[in-house]
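Visitor: here's a sequence, model it:
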Amino acid sequence: MRRRTRRPAKRQRRDEKLVGLLVAAVLAAALVVAVVNWLLAHWWILVVIAVPAVLAGGGRLHQKQQRARWEAARTQGLRYELAQLDGLHHSRFEDAVRDLMHRDGCQDALRVGGGGDLGADVKATDPYGRRWVIQCKHRRNGLAGSAVGTPDLQVLNGTARQVHGADIAVIVTNGRVTAPAVTFAEQQRLHVVDRHTLAAWAAGSRPLWELLRAVPPPRKPTSLS
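Guide: Reported below is the predicted structural model:
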């Protein structure tokens, strides 16, 4: 009588592994088909997922393009040294602030300072749609001049948003700012550009909104962007 030969254990394990892989592949294919059919029946879920992704991608692209435009403008752009700003007439100082805002991409930057300006010397809309209202305080003697105090901030606080519709209210000086004025500005969500910040901004290092803290988030892109 011929003895029955046994299949080697190694070959048996290999066959079992192949069967397992085949079963897994069939189950995976079935799962994919089920998911596709379910999504086709619930297509609106794809829209819910896709819209935020598209908006996020568009936002990143917009920011990248804006950064490239600003870098190109900065390379060829306007720069001031503090000594130049100190030597300006106060009205020319307002012009300089307007021009720096324009350099940063605020195409509608406008000097409105003068009698009856109601606390606004420069108005501008940045490339992110935010409305800026700026009060300028020029000191011919720089740090040696009189300090900007709380009353100056109170005027800005009283008119920037209510009268001029500001998203961002700023006071700019080439001089000093008192500690109580800085505290008041923080409490009232005002922004102070002191001599140190002005030097960095005027030198063209970064646009003003990147030098200030707690700036409101961008509005949706406007025609300026």
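
Visitor: for the helix or strand that contains I45, give the mean pLDDT please.
Guide: Counting by DSSP states H and E, the element that carries I45 is helix 43-76. Helix 43-76 comes out with an average pLDDT of 68.

Visitor: now the element after it, going C-ward?
Guide: With secondary structure assigned by DSSP H and E, helix 43-76 is succeeded by helix 82-86.

Visitor: and the contacts of that next one?
Guide: Helix 82-86 is contacted by residues F93, A96, H138, R139, R140, N141, G142, N174, R195, L198, A199, A202 when judged by C-beta atoms under 8 Å, 6 or more residues apart in numbering. Bear in mind the C-beta positions are built from the backbone N, C-alpha and C, glycine included.

Visitor: hey, which helix or strand in this protein has the poorest pLDDT?
Guide: helix 43-76 (a mean of 68; mean pLDDT, DSSP states H and E).

Visitor: now do stretch 105-122: everything it contacts.
Guide: 66, 69-70, 73, 91, 94-95, 97-99, 101-102, 123-127, 132-136, 155-156, 158-160, 163-164, 207, 224-225.

Visitor: quick one: end-to-end length of that stretch, please.
Guide: 14 Å (C-alpha to C-alpha, to the nearest Å).

Visitor: list the buried residues for that stretch?
Guide: Neighbour counts using 16 or more other C-beta atoms under 10 Å place G105, C106, A109, R111, V112, G113, D117, G119, A120, D121, V122 of stretch 105-122 among the buried residues.
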